[in-house]
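A.B. asks: let's see this in three dimensions:
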Amino acid sequence: MSQEIITLAERVLQVPPSPTLAINAKAKALKAAGEDILNFSVGEPDFDTPKHVCEAGKKAIDDGHTRYTAVPGIPELREAICMRFKEDHDWEYTPDEIQVCCGGKHGLYNIFQAMLNPGDEVLIPAPYWVSYPPMVQLAGGVPVIVPLDESMDFDLNPETLAAKATDKTRAIFLNSPSNPTGSIFSTTALKAVAKMALERGWLIVTDDIYETVTYMDGKLPHILDVEPALKAQTIVLNGVSKSFAMTGWRIGYSAGPLHLIKAMNKVQSQ
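C.D. replies: Numbers count the residues shown, from 1 in each chain. As a prediction, the model looks like this:
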């Protein structure tokens, strides 16, 4: 059958393939051909998955834990995630407010499928991880790019942010530490974001996948520590890919308002 006979969906045609994965494939091909290559495309840690994690994975298989699980993840894992949030940040979550998914990218996809309607806008500080805009577009949303200034160490400028916001703004991405710049949003900037989000009812989507990869003194600033009142309109995305070098294990998790997590579970169930 000719390819021309099969009509593709507009939502697929409007987004490009992941450039990160394309560059990674090119780097691997060049390396296989004998070239001396340093691959800075995918975020692969430079250490192996810890031995005790691998042993636990093997034991789980030997013990027969290979069947279907609950849609949001096994209860024991969601309870452990709640404990991790409590120990690391003193945040209170219940297992029902947690969704486990197939990596952080899947979690973000679930979020936008569950909460965006056609034409809804999402603020994305730039430089950004390449998958943010396509995820928004695939859910019918409109990515709105908020440029960051290198001379300000890529910190959020509240005036620039306010200028990009409209009455169609539904959410804002926060990725700190940032992929790809490595920068961290300051407490001052996060306070300004918090004020706007509370006044305008934005959802905060905070991608914390690199929170353990920091080279700074003191505590990493976080929007939920700056303004705890935002918990009801914040969803935290994290995973084990970077912190435990488990990129191929595909384990991500989200924590957020119960009604949003329930909607994300509905998406994931299908």
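A.B. asks: hang on, Val146 in a helix?
C.D. replies: No: under DSSP: H, G, I helix; E, B strand; the rest coil, Val146 falls outside any helix and is assigned strand.
A.B. asks: check contacts around it.
C.D. replies: If you count contacts by CB atoms under 8 Å, 6 or more residues apart in numbering, Val146 has them with 123-126, 156, 160-161, 164. All C-beta spots, glycine's among them, are computed from the backbone N, C-alpha and C.
A.B. asks: so how far is Tyr128 from it?
C.D. replies: 9 Å (CB to CB, to the nearest Å).
A.B. asks: pLDDT weak spots in the stretch 101-250 of the chain?
C.D. replies: Judged against pLDDT under 70, the stretch 101-250 of the chain has no low-scoring part.
A.B. asks: strands along that one, start to end?
C.D. replies: 121-126, 142-147, 169-175, 203-207, 234-239 (DSSP state E, counting those that start in this stretch).
A.B. asks: of those, which is nearest Lys28?
C.D. replies: strand 234-239 (22.9 Å; CB to CB).
A.B. asks: helices or strands up against that closest one?
C.D. replies: Applying 3 or more CB pairs under 8 Å, 6 or more residues apart in numbering; DSSP states H and E, we find strand 234-239 packed against helix 104-115, strand 203-207, helix 223-226, strand 252-255.
A.B. asks: possible to save those as TSV with mean neighbour count and distance to Gly182?
C.D. replies: Output for the helices and strands packed on strand 234-239, formatted as TSV (neighbours: other CB atoms under 10 Å; distance: least, CB to CB, whole Å):
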stretch	mean neighbour count	distance to Gly182
helix 104-115	22	17
strand 203-207	24	14
helix 223-226	20	19
strand 252-255	24	21
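A.B. asks: now distance to Thr66 too, for these, in a markdown table please.
C.D. replies: Below are the helices and strands packed on strand 234-239 laid out as a markdown table (distance: least, CB to CB, whole Å):
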| stretch | distance to Thr66 |
| --- | --- |
| helix 104-115 | 20 |
| strand 203-207 | 30 |
| helix 223-226 | 36 |
| strand 252-255 | 20 |
